[in-house]
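Q: Give me the fold of what follows.
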Amino acid sequence: MISLNIPVPAIRGEFGPSLQSFQTQILPSDLIHVLGHDPRSANWGRLAKEYRDIYEYLQRKTSKSRRESTAFYIEDRIDSNSSLPGAFPAITLGMVKPPRFEPAKAECGFPKEVGVLMLDLSEDNKRILLDGLARLTGALEFEERTGKKNLFSFPLTIFAPTDKHGELTLLQLGQLFYDLNFLQAAISTNHAIALDQSDIYGKLASALAQDGVIKMYGGVELRAASLGNKSTALVVQRVLLRFVRGACEGRRYQESDSAHVTNPNLTRQSLRSIQAKIGTFLQGIESAMGSDRFGDRDSLHLTAPGWQVLGLVFHDVEFRVKPELSEAERAEIVSKLAAIDWSRSNPDWFPMLGEAETDKEGAPVLDSQGRKRVALSRAGRTTIASLLKYVREKTGLDKLVEHETAPDEAALEFEEVKELTEAR
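A: Residues are numbered from 1 along each chain as shown. Here you go, the predicted model:
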């Protein structure tokens with residue numbers, strides 16, 4: 001007689017009297033066999049109705065960008081000699097029937113939680129993927145595309161009912177999906193960026209922050225969304241990262257936090273060269289503006305839109321103008337860039353970037369010369385587009401660069417930039 005129970009080394013845990021968990025490891029392709037079906041969203045239409053309904057109810061389809069990002073991560077951090085090791089969080093599945101677990105023999109010296117899970121692969125013991133669909137999809141597509149298998153194994157957590165509770169339903173397992181994905185406190189994007197040491201654009205941003213003009217004028221504020229009144233930093237980390245993305249890859253990728261960029265200009269080989277060129281670019285602006293104007297934290301070039309536009313100007317000069325500019329031509333563009341009146345009182349900003357700033361009584365706020373000050377009241381992306389057009393015209397870049405199509409924000413899954421015009 002053929003048994004549909006397979007022995008799996010595992011560590012058992014408990015979540016109260018009703019639920020137990022088992023920790024083990026599994027190859028990506030083996031997970032399909034353990035589930036008894038392929039959970040990838042492209043296959044949902046071919047699943048039995050009870051599985052199709054639960055996946056369509058619980059999961060979201062894995063986008064192309066998420067699949068590609070996972071594959072790129074495997075290539076960059078696992079299938080390479082990267083100085084930073086790569087890993088994935090555990091894949092989680094649930095099954096409806098209480099399993100049999102055999103603790104290791106006492107004479108082996110292991111605690112009773114270590115043993116062998118007899119994994120029931122019969123059709124009656126329904127099994128669904130609870131967490132990790134995008135990771136699994138990207139890993140399987142990487143294996144299918146490259147033919148490289150067994151590069152790594154996923155940590156696997158299996159949730160199952162206890163004997164005391166008895167059998168669960170697929171819908172009850174679905175509640176676990178909700179618990180795992182929504183009943184948790186996520187860290188902020190700014191905090192996540194501060195913690196990430198692997199992103200190459202983050203590496204470049206960190207290198208720029210530790211040397212040259214940025215360090216001279218106060219460095220970078222980590223984790224914050226904007227510079228507070230008491231901050232002595234020149235820029236927040238997230239805005240600097242967007243400056244770097246724009247400088248290297250252009251507007252299309254500037255607001256994307258995706259690690260994967262098609263045909264990137266910034267690579268490990270070009271990192272030091274681009275770092276030096278951006279450093280020279282910023283130093284040129286600072287020298288041409290002078291320390292008082294460049295270091296004026298109220299000036300628009302040090303707002304989030306201003307930093308992003310400066311990055312895009314560098315991208316124009318370095319990657320978009322053909323044939324390549326001479327050093328004298330580059331210096332002339334930097335000189336024209338620095339000559340722009342970046343103060344909030346520049347009359348050109350009205351109404352292009354917003355209306356006049358007002359006080360609590362509604363009266364216009366005036367500078368020391370009695371001029372009105374602009375309040376950046378347009379949407380962040382509108383402000384950047386308008387400011388970039390203005391700067392290109394003032395520097396002559398509008399005659400040197402080809403027409404640039406607007407970013408396909410839906411396809412790139414750009415995240416909303418909260419209070420972008422107020423962050424600096």
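
Q: For the rest of this, base every contact and every neighbour count on C-alpha atoms.
A: Will do.

Q: Please report the distance of the closest residue to Arg127 other than its chain neighbours from Gly16.
A: Nearest residue to Arg127, sequence neighbours excluded (CA to CA, 6 or more residues apart in numbering): Met95, at 4.3 Å. For Met95, the distance to Gly16 (CA to CA, to the nearest Å) stands at 17 Å.

Q: Distance check, the residue nearest to Arg127 against Gly166.
A: Met95 is 12 Å from Gly166, where distance means CA to CA.

Q: Give me the more crowded residue out of those two.
A: The neighbour count for Met95 versus Gly166, taken as other CA atoms under 10 Å, is higher for Met95 (26 against 13).

Q: Is it correct that the more buried one is in contact with Thr162?
A: No - between Met95 and Thr162 there is no contact under CA atoms under 8 Å: 11.1 Å.

Q: Quick check on Val114: phi, psi?
A: Here is the backbone geometry of Val114 (degrees, to the nearest 10): phi -100, psi 130.

Q: Count the neighbours of it for me.
A: Using other CA under 10 Å, Val114 has 19 neighbouring residues.

Q: hey, what's it bridged with?
A: Assessed by DSSP bridges, Val114 has beta-bridge partners Ile11.

Q: which residues touch it?
A: Residues counted as contacts of Val114 (CA atoms under 8 Å, 6 or more residues apart in numbering) are 9-12, 103-104.

Q: Quick check: it vs Met95, distance?
A: Going from Val114 to Met95 by CA to CA gives 20 Å.

Q: Show the low-confidence segments of the stretch 51-200 of the chain, by residue range.
A: Across the stretch 51-200 of the chain, the ranges flagged by pLDDT under 70 are 181-198.

Q: Need the nearest residue in space to Thr169, chain neighbours excluded.
A: Val96 (5.9 Å).

Q: do you know how far the one you found is from Ile128?
A: 9 Å.

Q: for Asp298, same thing?
A: Going from Asp298 to Ile128 by CA to CA gives 55 Å.

Q: Which one's more surrounded, those two?
A: A count of neighbours by other CA under 10 Å puts Ile128 above the other of Asp298 and Ile128, at 23 against 13.

Q: Could you say which helix or strand holds that one?
A: strand 127-131 (DSSP states H and E).

Q: for Glu332, same thing?
A: Assigned by DSSP H and E, Glu332 falls in helix 327-339.

Q: Just the residues contacting that helix, thanks.
A: 281, 284-286, 288-289, 317, 391, 394-397.

Q: which ones among those are found in helices?
A: Under the assignment DSSP state H, those contribute 281, 284-286, 288-289, 391, 394-395 to helices.

Q: residues making contact with the helix or strand where Thr24 lies?
A: If you go by DSSP H and E, Thr24 is part of strand 19-26. Residues outside strand 19-26 that contact it (CA under 8 Å, 6+ apart): 8-15, 117, 153-162, 165.

Q: can you map out the strands along the stretch 1-150 of the chain?
A: Applying DSSP state E, counting those that start in this stretch to the stretch 1-150 of the chain gives strands spanning 5-15, 19-26, 91-95, 100-103, 114-120, 127-131.

Q: Can I get these in TSV including distance to Gly228?
A: Shown next, in TSV, are those (distance: least, CA to CA, whole Å):
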stretch	distance to Gly228
strand 5-15	44
strand 19-26	45
strand 91-95	40
strand 100-103	56
strand 114-120	52
strand 127-131	38
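
Q: how much space between Gln210 and Ser63?
A: Using CA to CA, Gln210 is found at 36 Å from Ser63.

Q: and Arg46, how many neighbours does it have?
A: 12.

Q: Which residues are in contact with it?
A: Neighbouring residues of Arg46 by CA under 8 Å, 6+ apart: Arg52.

Q: buried stuff in stretch 115-125?
A: Across stretch 115-125, burial judged by 16 or more other CA atoms under 10 Å covers 115-121, 125.

Q: Throw these into a markdown table and include distance to Gly132, thanks.
A: As requested, the buried residues of stretch 115-125 are exported to a markdown table (distance: CA to CA, whole Å):
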| residue | distance to Gly132 |
| --- | --- |
| Gly115 | 25 |
| Val116 | 24 |
| Leu117 | 22 |
| Met118 | 23 |
| Leu119 | 20 |
| Asp120 | 21 |
| Leu121 | 20 |
| Asn125 | 21 |
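
Q: nearest to Gly362, of those residues?
A: Using CA to CA, Asn125 comes nearest to Gly362 of these, at 68.4 Å.

Q: Assign the closest residue to Val321 other than its chain neighbours to helix, strand or coil.
A: The shortest distance from Val321 to any non-neighbouring residue, by CA to CA, 6+ apart, is to Val401 (5.4 Å). Judged by DSSP: H, G, I helix; E, B strand; the rest coil, the three-state class of Val401 is coil.
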